[in-house]
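**Q** Curious how this folds, go ahead:
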Amino acid sequence: MNKPRVILQMLIFVVVIPLLPLLISWKWNWWEAWVYALVVILGFVISRVLAARRNPDLLAERAKMLQHEDAKPWDKVLAPLVGLGGGLIPLVAGLDALFGWSTPFSLPVKMLALLVILVGYAWGSYALIENRFFSGVVRIQTERGHHVISGGPYRWMRHPGYAGALLTYLASPIFLDSLWTFVPAVFLTVVLVIRTSLEDKTLQEELPGYRDYAGRVRYRLLPGVW
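**A** Prediction:
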């Protein structure tokens, strides 16, 4: 693994991208953008520290990402699209603020959106910490003793990590006062729903015990709906 490249990638994705609304708009008094960046950066760091304490080998697995030869071919397309969409949210929000495309939301609405973002990060982090097989790509991790995880948030839904991400994606445009940011947010929603469906099908077909687990935990992303 090329450590300097990995460190550079981490700095870009963990620090630079969350700060894009500020860097693009140059509005340094934009408190919502500061809060957004702080939540994203701290959410990433804290969740990874806790996950590493619980499952020390998980971060190494996630760092390899698309280097896994046994990653599903369709996920070699979908996983980068998720990364792209995640970067487009702060990018479009910054452009919106720079050119004044959208009308600001009211403070109570934005505070509700912030609460949803925090819940989304907490729920997704809970899934990451609980699941030592929370890889960056869809694959059956035979060499790591891959088995069904049914504790923590997996007691209520089969893909809580994606559910938490969707909450964050869909609430971010409101908190950042950007209607145009719903374009990448909706794009991400579509991609994640497709990815969830294909991943769940893969797990049911290839991971021992998952079909029985799916019979007990009926819903993938949204309890009572799907």
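**Q** Nearest the geometric middle of this protein, what residue?
**A** In the chain, the centroid-proximal residue (CA atoms, centre = their mean) is Ala165; its distance is 4.1 Å.
**Q** mind listing what that residue touches?
**A** Listed by CB atoms under 8 Å, 6 or more residues apart in numbering, the contact set of Ala165 reads Gly120, Gly124, Leu188, Leu192. All C-beta atoms are positioned from the backbone trio N, CA, C, and that covers glycine.
**Q** Leu91: which of those residues is nearest?
**A** Leu188 (12.9 Å; CB to CB).
**Q** Remind me which helix or strand that closest one belongs to.
**A** Taking DSSP states H and E as the criterion, Leu188 maps to helix 182-206.
**Q** That helix: which residues count as buried?
**A** Taking 16 or more other CB atoms under 10 Å as the basis for neighbour counts, the residues of helix 182-206 that come out buried are 182, 184-185, 187-189, 191-192, 195-196, 199-200, 202-203.
**Q** just the helices in this protein please.
**A** Counting by DSSP state H, the chain forms helices over residues 3-11, 20-25, 31-54, 58-64, 75-99, 107-130, 160-175, 182-206, 210-216, given from the N-terminal end onward.
**Q** excluding its backbone neighbours, what's nearest Asp200?
**A** In space, and not counting its chain neighbours, Asp200 is closest to Arg220: 5.7 Å by CB to CB, 6 or more residues apart in numbering.
**Q** For the one you found, list the residues it contacts.
**A** Met157, Arg158, His159, Thr196, Ser197, Asp200, Trp226.
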